[in-house]
Structures are given as structure tokens and as C-alpha cells.
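>>> here are the coordinates; sequence isn't available:
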């Protein structure tokens, strides 16, 4: 088994709310500076910069998982993580069909840039990404699971777009892989404050919108950085394991 | 005020099984789309106005023993949600208009706000 230290919630300049420094080479450098060897790129309802980050990470030893921070019709944010670009592409086409056709207002929301692996501008995403995709959390769970992905409701303790506030509790019919808590709370505080999350593995992320947000305290003992291995680690199966390194 | 009067006045569509709604007294109203707020804000015997149609609404309504959920803007719960509601005895009503309209009508009818 190998040890993987992971940050699984990173935005790029494609997310209008992310800082201008969130370009592939700087993301990769920041991850390496934190001694991470696994990251996931998770822009809001989008995946256009993942390949560029993978390109920037080539030869560095850093593994990059394709992901997305989906906003469901219940206004719940969920990390959807996959193994391959083909999988995220399939998921993206489902999302594109159900994302309202509203143009981004750059002055208000910020720029949505697609860049190459050096961070150079390729094009603007014109459609506003900060919006609810018109699929329910249950439908999204099914789609991600069918594609072989990981489905982790994001920052469940946050009042904005958090599962606990919007839906009260995790829908019991969904076999959720884990829940993510934000950096503003310890797992112990979260368990005390939100008894409804008991029993779910908790990952913790920096929800990285600026390089300084990089947290990287999810420690996996797995054979290789794949979704299947991460799932087993979160469940503590087959000798795989997962712990949160104390971030406080 | 009973639930039958509310259904008629707001011209609501019943999504769950029929009951004798004239025998269901309604004591208050509460409106929010955040289930965590509803869990602490709505009152037993009240109606809850929301456009949230996710299945978790049934558990919240059953927990609080609400008289009914009024789902606005024609948001459609899934069949599983309605089946679960019938099983738990939760009444779900549908209103094509937005929350503001439903709340305004209920206020006009004299239904007070939940006070918690």
C-alpha cells in the first residue's frame, strides 16, 4: 500500500469565483509545496481545465483526478470525482443539457477562463456556471454512480449550498461515499453540531479558490490513486484506509 | 380553519391520497425552502409552503406532524416521494404559483405565522 495525501476540491480560473492565480502550473506547484500526491479538479458545473492541469502535472508525480462541483436543483453542492476524462465528458454532457442558458455577467460574477497547461488563455466560457443544474441530487447520484464515480456532498456544514442546511440531512436512500466538511470546523465539532452526519466518512477540503486555500489533509492508504481504491479506503475495506491528518 | 378550505381557496391539486380534509385543522403557516430551517421553524398542525420537492420533505413533515406541504411553482416530487408520503400519512398539495402567492392567500384567509 502507498500513502496518498490528497486535496479533492480545487477550482481553476474556469470558476468565476476563483482567483486569477488558479492556473494549471501554479495549482500543481502549490500541491507539490504541500507534499500532496493526489488532487482533484472540481470547477462549478464544468470540467474544461482538467486536461490542462493533468498536462501541467505530467512528470511531477502528482496524480490528478477529473472532477466537478455540481450544483443540484436543490442548490446542494456535490463533488463528483472520476477516473478518466471520458467519464467526466459523459457527465459534463448531461450537465450541459440541464444548466440554464444564462450568460455570465463578468462584472458581477467574474471571468470564466479555459486555459492551456501553461495557463495561457484559450477561450471564455460564456454560460454562467454558478447556477443550479436542473437535476435532483438523487438523479445526480445515480448518474455519477453509473459512470463509476465518487459522489461526495461538499462543505455540508456551510449555510450556502450545504447539504445539511438545504436538505436537513443526507437522503437515507443514497449510499453516499463520504461527506465533505469545510476547513472552518473540526470533524469533532461537526459531529457534535450535526448529529445527522454520524456514520458517514468525513473528508475535509480547502475548497481551494486561491492557492493559499490548499489544505491537503486527506490521507489515503491505497494501492493506486483510482476511484475504486478511494471508495475502499473510505469504507476501510481490503486493507485500504483513510484518515484526516489534523489540519488544526 | 381546516385544510379543505385552504385547498379550495388556493385551488390546490392533491398529489397524495385523499382524506377528509375538512376534519384536518390547520393552526399556522411556515414558508422556507431550507429543510434545516423548517425543522426548527414549522409547527405541528401547520402547513408548510415550499418549492423544494426533494424526498427529504416527507421525513421533515412526518417528524413535525404537519397538516400538509404545499409545493409551489408546480415543482414535481418523484413517485417514490409520493409513495413515502402516503405511507407516512403526509399530505402533499401542489400550487402552480410561487411561494409569495400561496403565503399571501393564506395570510388573507387569516392563517397566522408559526411562532417558534
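Okay, I see it. This structure is a prediction, so every number in the text was calculated from the model and none was measured.

>>> now do stretch A:192-210, average pLDDT.
Here stretch A:192-210 scores 96 as its mean pLDDT.

>>> any buried residues in that stretch, and which?
Under the neighbour-count criterion of 16 or more other Cβ atoms under 10 Å in any protein chain shown, stretch A:192-210 has A:194, A:196-197, A:200-209 buried. For the C-beta atoms, the positions are set from N, CA and C on the backbone; glycine is no exception.

>>> closest to residue A:236 among those?
Lowest distance from residue A:236 to these (Cβ to Cβ) belongs to residue A:201, with 8.3 Å.

>>> how about the residues of chain B that lie near chain A?
With Cβ under 8 Å from any Cβ of the partner chain as the criterion, chain B meets chain A at residues B:33-39, B:52, B:54-56, B:59-60, B:78, B:80.

>>> if we go to 6 Å?
Contacts of chain B with chain A, taken as Cβ under 6 Å from any Cβ of the partner chain, map to B:34-36, B:39, B:54, B:56, B:60.

>>> pull the contacting residues for the residue of chain A found nearest chain B.
Relative to chain B, the nearest point of chain A is residue A:168 (3.4 Å; Cβ to the nearest Cβ). With Cβ atoms under 6 Å, 6 or more residues apart in numbering or on different chains as the criterion, the residues that contact residue A:168 are B:35-36, B:39, B:56, B:60.

>>> try 8 Å
Residue A:168 sits next to A:196, B:35-36, B:38-39, B:56, B:59-60 when contact means Cβ atoms under 8 Å, 6 or more residues apart in numbering or on different chains.

>>> check those residues and tell me the two furthest apart.
Maximum pairwise distance among the contacts of residue A:168 (Cβ to Cβ): 14.1 Å, between A:196 and B:38.

>>> picking up where we left off before, so which pair among the residues of chain B next to chain A is furthest apart in space?
Greatest spatial distance in the residues of chain B next to chain A: B:39 and B:54, 13.9 Å, computed using Cβ to Cβ.

>>> between these two, which is the more surrounded one?
Looking at residue B:39 and residue B:54 with other Cβ atoms under 10 Å in any protein chain shown, you find the greater number of neighbours at residue B:54, namely 25 against 16.

>>> just the pLDDT at that one, thanks.
On the pLDDT scale, residue B:54 is placed at 96.

>>> wait, a strand at it?
No - under DSSP: H, G, I helix; E, B strand; the rest coil, residue B:54 falls outside any strand and is assigned coil.

>>> what about the helices in chain B?
B:3-10, B:35-41, B:56-64, B:79-88, B:99-108 (DSSP state H).

>>> could you single out the most deeply buried of those?
Ranked by mean neighbour count, these are led by helix B:56-64 with a mean of 21 (mean count of other Cβ atoms under 10 Å in any protein chain shown).

>>> for that helix, name the packing helices and strands.
The contact analysis (3 or more Cβ pairs under 8 Å, 6 or more residues apart in numbering or on different chains; DSSP states H and E) places helix B:56-64 against helix B:35-41, strand B:47-50, strand B:68-71, helix B:79-88.

>>> quick one: mean pLDDT for the third one?
Going back to what we said before, that points to strand B:68-71. For strand B:68-71, mean pLDDT rounds to 98.

>>> could you list the low-pLDDT ranges of chain A?
Applying pLDDT under 70 to chain A picks out residues A:247-248.

>>> if we go to 50?
Applying pLDDT under 50 to chain A flags residues A:248.

>>> tell me the residues of it that contact chain B?
Contact residues (Cβ under 8 Å from any Cβ) of chain A with chain B: A:74, A:136-138, A:164-169, A:171-173.

>>> any chance of these in a markdown table with secondary structure as columns?
Below are those laid out as a markdown table (three-state DSSP):
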| residue | secondary structure |
| --- | --- |
| A:74 | coil |
| A:136 | coil |
| A:137 | helix |
| A:138 | helix |
| A:164 | helix |
| A:165 | helix |
| A:166 | helix |
| A:167 | helix |
| A:168 | coil |
| A:169 | coil |
| A:171 | coil |
| A:172 | coil |
| A:173 | coil |
